[in-house]
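In: Here is the input, now give the coordinates:
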Amino acid sequence: VYKQGEQILSASGGGGVVQWARDHGVMMVGYSTINSWPHMLPPLQDPHVLSIAQARGRTSSQVLHRWALQHGIAVIPKASSLARIRENAQLLDFELSAAEMLALDGLATLSESTHDQLRPAWIADVFALHRAPGIVAHSSASAAVGQAHSGASVGVRFVQVLSDRQCIREPEEVKARQFTLGGGGHQLSACQEACAAQPDCGFFTFYQSTGYCHMFRTCAEQIDASDGAVVHARQ
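Out: Numbers count the residues shown, from 1 in each chain. Sure, this is the predicted structure:
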């Protein structure tokens, strides 16, 4: 599961195996979330993972398993000792931020993309590997994570991560408790404040030309959008 791009299956319909499973009512189980195969850069040693783990005061293993859980994926980690069992059990008393989830989601693009193609195509280009129209990261995910934990934060902050894209609105569970501000004509600041006021709001899409605002718990899947759409992630 960690290497989302490792098995890019055409049969999944272009949205990834996880999305295919959701669409077909199948629960996905990540049995090898921290597996080091193919032994180039083990997930537990990835600098992005290590940075998040250090900021959270957690182990790399806990960060990766928590990442999978927050995507609604079941995990069955292996344990070789009582200490490892305890470590694996301590996943429910912390939560990764939207920016941290975005950074971990994007790691697959670092290993799978080519010089002229972003792979997997269904994952946002958070590291700006290909500045194709509609998939432009305004700051790297790793930088966003670093800024979020550089010191004690005051209030809730958001970082713009995509332009000319919008978060997919299905299934219903991806939407925040308050999904819209009711009609258009709103300012970006109003959208930010509304999302910040909801603990379950991790992302919002703001349409600059119409003033519409849509708020989401997660934004794992996106599609092209018009009206000056920009996606912001909670840090």
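
In: which residue ranges form the helices in this protein?
Out: Here the chain has its helices, by DSSP state H, at 16-23, 47-56, 60-70, 82-89, 98-112, 141-148, 188-196.

In: As a markdown table, these with mean pLDDT and mean neighbour count would be great.
Out: For the C-beta atoms, the positions are set from N, CA and C on the backbone; glycine is no exception. As requested, these are exported to a markdown table (pLDDT from 0 to 100; neighbours: other Cβ atoms under 10 Å):
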| stretch | mean pLDDT | mean neighbour count |
| --- | --- | --- |
| helix 16-23 | 79 | 18 |
| helix 47-56 | 89 | 18 |
| helix 60-70 | 92 | 22 |
| helix 82-89 | 91 | 12 |
| helix 98-112 | 83 | 23 |
| helix 141-148 | 45 | 20 |
| helix 188-196 | 91 | 17 |
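
In: Tell me which stretches of this structure form strands.
Out: Here the chain has its strands, by DSSP state E, at 29-30, 74-75, 158-163, 165-167, 175-180, 203-207, 212-216, 222-224, 229-234.

In: Among the helices of the chain, which comes closest to Cys219?
Out: helix 98-112 (7.7 Å; Cβ to Cβ).

In: who does that closest one touch, helix- and strand-wise?
Out: Here helix 98-112 is seen to pack against helix 47-56, helix 60-70, helix 141-148, strand 158-163, strand 229-234 when contacts are counted using 3 or more Cβ pairs under 8 Å, 6 or more residues apart in numbering; DSSP states H and E.

In: again, 7 Å this time
Out: helix 47-56, helix 60-70, helix 141-148, strand 229-234 (3 or more Cβ pairs under 7 Å, 6 or more residues apart in numbering; DSSP states H and E).

In: Where among the strands of the chain is average confidence lowest?
Out: Between the strands of the chain, the lowest average pLDDT goes to strand 29-30, which shows a mean of 80.

In: quick one: contacts of it?
Out: With contact meaning Cβ atoms under 7 Å, 6 or more residues apart in numbering, strand 29-30 is reached by 1, 68, 73-76.

In: Parallel or antiparallel, list what pairs with it.
Out: Using DSSP bridges, the strands paired with strand 29-30 are strand 74-75 (parallel).

In: surely Gly211 meets Gly185?
Out: Yes. Gly211 lies in contact with Gly185 (Cβ atoms under 7 Å); the separation is 4.3 Å.

In: what number of residues lie near the spatially closest residue to Gln19 that is not a sequence neighbour?
Out: Closest residue in space to Gln19, ignoring its immediate chain neighbours: Glu221 at 6.2 Å, by Cβ to Cβ, 6 or more residues apart in numbering. Glu221: 18 surrounding residues under other Cβ atoms under 10 Å.
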